[in-house]
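[1] let's see this in three dimensions:
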Amino acid sequence: MPKKEIISTDAITSGNAPLSQGVRYGNLVFVAGCTGRHPTDNSVGADIREQTRYALQRISAILEASGSSLDQVLTNTCYVTNREDLPGFNEVYAEFFPADRPARTTVVVNFGAPDNLVEITSTAAISE
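    The predicted structure follows:
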């Protein structure tokens with residue numbers, strides 16, 4: 001039976017929430033929800049495009065720490081606060097996943113924090 005391994009990287013800043021950046025189980029890694037904060041200085045992105053970029057950069061760093069990469073993402077669950085932001089979200093998302101895109105669910109939600117426009121959680125494979 002595989003052993004659960006906590007994945008963490010100092011390459012990105014984390015808040016004080018009681019969670020792991022990622023969890024590896026066997027040849028899979030589960031990345032916690034990443035919001036639109038800059039990966040290293042934790043500043044909030046100015047708009048949906050910048051926040052989407054920051055969230056995916058954070059995910060990329062966690063995946064690299066686990067031995068995976070964006071190329072190995074199997075599924076993303078994406079949350080956005082404004083339906084009107086979907087075109088900008090999709091534009092940046094397509095830059096990070098230009099081909100062989102992962103399965104994806106996108107939901108419009110209310111985070112309760114007016115500056116938080118996006119959150120993305122990922123599951124990826126780890127090549128052995």
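
[2] helix, strand, or coil at residue 6?
    Recorded secondary structure, residue 6: strand (DSSP: H, G, I helix; E, B strand; the rest coil).

[3] dump the residue contacts of residue 28.
    Neighbouring residues of residue 28 by Cβ atoms under 8 Å, 6 or more residues apart in numbering: 74, 123, 124, 125, 126. (Glycine included, C-beta is placed from N, CA and C.)

[4] let's see it at 10 Å
    2, 66, 68, 72, 74, 123, 124, 125, 126 (Cβ atoms under 10 Å, 6 or more residues apart in numbering).

[5] out of these, which end up buried?
    Using 16 or more other Cβ atoms under 10 Å as the burial test, these include 66, 68, 72, 123, 124, 126 as buried.

[6] helices or strands up against the helix ranked longest in the chain?
    Secondary structure of the chain per DSSP state H: the longest helix is helix 48-66. On a contact count with 3 or more Cβ pairs under 10 Å, 6 or more residues apart in numbering; DSSP states H and E, helix 48-66 meets strand 4-7, strand 22-25, strand 28-35, strand 73-80, helix 86-96, strand 118-125.

[7] out of those, deepest packed?
    Looking across the helices and strands packed on helix 48-66 with neighbours counted as mean count of other Cβ atoms under 10 Å, the highest average goes to strand 118-125: a mean of 23.

[8] can you give me the angle the longest helix of the chain makes with helix 86-96?
    Helix 48-66 runs at 30 degrees relative to helix 86-96, counting by axes from the mean of the first three to the mean of the last three Cα atoms, to 10 degrees.

[9] what's the pLDDT at the nearest residue to residue 2 once chain neighbours are set aside?
    Excluding the flanking residues, the one nearest residue 2 by Cβ to Cβ, 6 or more residues apart in numbering is residue 26, at 3.7 Å. We have a pLDDT of 96 for residue 26.

[10] same question, residue 72
    Predicted confidence (pLDDT) for residue 72: 98.

[11] ok, it touching residue 128?
    No - using Cβ atoms under 10 Å as the test, residue 72 is too far from residue 128 to be in contact (11.4 Å).
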